[in-house]
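Undergrad: Turn this into a structure:
(one chain, ligands or ions: 1)
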Amino acid sequence: MSERITDLIHHAYVPPAGFEAPQLGVFKASTVFFPTVAAMRSREWKDKTAYTYGLHGTPTSYALEERLATLEGGEQCLLVPSGLAALGLVALSLLKSGDEVLLPDNAYGPNKSLVEGELLGWGITHQYYNPMDPEDLEAQISSRTKLVWLEAAGSVSLEFPDLVEMVRICQRRKVLTALDNTWGAGLAFAPFDLVPGASPAVGVDISAHALTKYPSGGGDVLMGSVITRDAGLHLKLKLTHMRFGIGVGMNDVELVLRALPSIALRYRAHDVAARELAAWAQTQAEFVQVLHPALEESPGHAHWKALCSDAEGRAAGLFSVILDARFGRAQTDAFCDALQLFRLGYSWGGPISLVVPYELETMRSGWPAHLLPGTLVRFSIGLEDVADLQADIAQALQVLR
Ligand SMILES: *Cc1c(COP(=O)(O)O)cnc(C)c1O
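TA: So this is what the prediction gives:
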């Protein structure tokens, strides 16, 4: 993965003549001039060797697309206004009335909301599979299944699935796979090459990524990407992208371009801090289970270890705890309210640590069998001093004692 980071930073950008700086200009335009009518007629908006209209991209967005494809090991990339828009674009492009889509039961909540809302209204059905059971996934594939969503680790409860086996099943059954790769960010594992050296490659067809999280890193941009390795599949997504007009603003693109060279360092820092705090959380009696893929007690730990282990293994900056069932909702809320450095707020990937108590039972098809009973609180670790964060959780725990 380290070579990809170097390629990402040494990306072949050609600066304007006479201004040899490595930083890109921020090119903003709706109109692009054509020298002649003949040029206007012959230039194709789908062809990225030239420009036709701002919505289809400028040198700034082309550069970000190429760098993100490099980061994730893909070939083509589309930018959309949010991570959720990336999930929506995949669905809108690939599903039609009569089709079925499969999602893991621990999928990102708003993606479940999309399939239960608009998609169902358009005659597209869905099933939720057990993310810890590839056989359950396989059993739910039918002739109507046109897309399988994957998430590693899963949202909020952070179970790590047997991604390799699930992708193999979908490849054998010839069903397209789309991974929500926000957690892995192109750093924890290579989504298009899950088994190094395998031929044909064992990899997902589509990687969707909320750039809002680690690629932005600042908590000040909302953006998403959809990366592929197949030109035909990319074109299908691109046509839908064009028809819906869901482009992005170049000032936002600039912010992501500026943050991208430090993504590996930041991801590592979030990871190290989260693991240190998760290990400490295991020693606190009020937490009956700590969910972080690098911990043995966390569901799917062995799958994480097999897929994400280079020298130290790689994981994002998230972990969740399950508070003992003797604490009710009010006490869990009081614990979260008592935190000072951890702020109450959604999202993750920025410098500030965040906390959210979840009513997990309302988000799943029942309380997952692999989790101990209790209430779930998710921490997202920012870039503060770890000792300060630990002291903050320790003082907040006093409200439960
Ligand atoms: C945050 C997130 C999204 C959505 O990203 P937004 O840019 O906030 O819309 C999608 N999937 C996962 C796993 C996320 O964490």
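
Undergrad: how much space between the closest residue to His126 other than its chain neighbours and Val90?
TA: Excluding its sequence neighbours, the residue lying closest to His126 (Cβ to Cβ, 6 or more residues apart in numbering) is Val115, at 4.0 Å. All C-beta spots, glycine's among them, are computed from the backbone N, C-alpha and C. Val115 sits at a distance of 11 Å from Val90 (criterion: Cβ to Cβ, to the nearest Å).

Undergrad: Comparing the two, which shows the higher neighbour count?
TA: A count of neighbours by other Cβ atoms under 10 Å puts Val90 above the other of Val115 and Val90, at 27 against 23.

Undergrad: ok so the residue nearest to His126 is a helix residue?
TA: Yes. Looking at Val115 with DSSP: H, G, I helix; E, B strand; the rest coil, it is inside a helix.

Undergrad: ok, now which ones touch it?
TA: Ala91, Val101, Leu103, Ile124, His126 (Cβ atoms under 8 Å, 6 or more residues apart in numbering).

Undergrad: swap in Leu163?
TA: Leu150, Ala152, Leu179, Phe189, Leu194, His303, Leu307.

Undergrad: Relative to the ligand, which residue of the chain is the closest?
TA: Nearest to the ligand, among the residues of the chain, is Gly83, at 2.2 Å (Cβ to the nearest ligand atom).

Undergrad: isn't that residue right up against Gly224?
TA: Yes. Counting by Cβ atoms under 8 Å, Gly83 does reach Gly224; the two are 4.2 Å apart.

Undergrad: For the two, list the residues in contact with both.
TA: Ala208, His209, Ala210, Leu211, Thr212.

Undergrad: so where's the stretch 51-200 of the chain shaky on pLDDT?
TA: Scanning the stretch 51-200 of the chain for pLDDT under 70 picks out nothing.

Undergrad: Show me what from the stretch 51-200 of the chain comes close to the ligand.
TA: Ser82, Gly83, Leu84, Tyr108, Ser155, Asp180, Thr182 (Cβ under 6 Å from any ligand atom).

Undergrad: dump the residue contacts of the fifth one.
TA: Contacts for Ser155 (Cβ under 8 Å, 6+ apart) come out as Asn106, Ala107, Tyr108, Gly109.

Undergrad: among those residues, which ones are buried?
TA: Asn106, Ala107, Tyr108 (16 or more other Cβ atoms under 10 Å).

Undergrad: For the last one, give me its contacts.
TA: Contact criterion Cβ under 8 Å, 6+ apart gives Leu84, Leu87, Glu151, Ser155, Asp180, Thr182 as the residues in contact with Tyr108.

Undergrad: Now the residue of the chain closest to the ligand: closest residue in space that isn't a chain neighbour?
TA: Per Cβ to Cβ, 6+ apart, closest to Gly83 is Ala210, 2.4 Å.

Undergrad: Could you verify my assumption that that neighbour touches Ser82?
TA: Yes. Counting by Cβ under 8 Å, Ser82 is a contact partner of Ala210 at 7.2 Å.

Undergrad: Name the residue in the two with the higher neighbour count.
TA: Between Ala210 and Ser82, Ala210 has the larger neighbour count (other Cβ under 10 Å), namely 27 against 18.

Undergrad: Could you list everything the more buried one pairs with in the sheet?
TA: Gly224 (DSSP bridges).

Undergrad: can you pull the pLDDT of it?
TA: On pLDDT, Ala210 comes in at 98.

Undergrad: The chain should start at 19 in everything you say after this.
TA: Let's use 19 as the start, then, which means that last one is Ala228.
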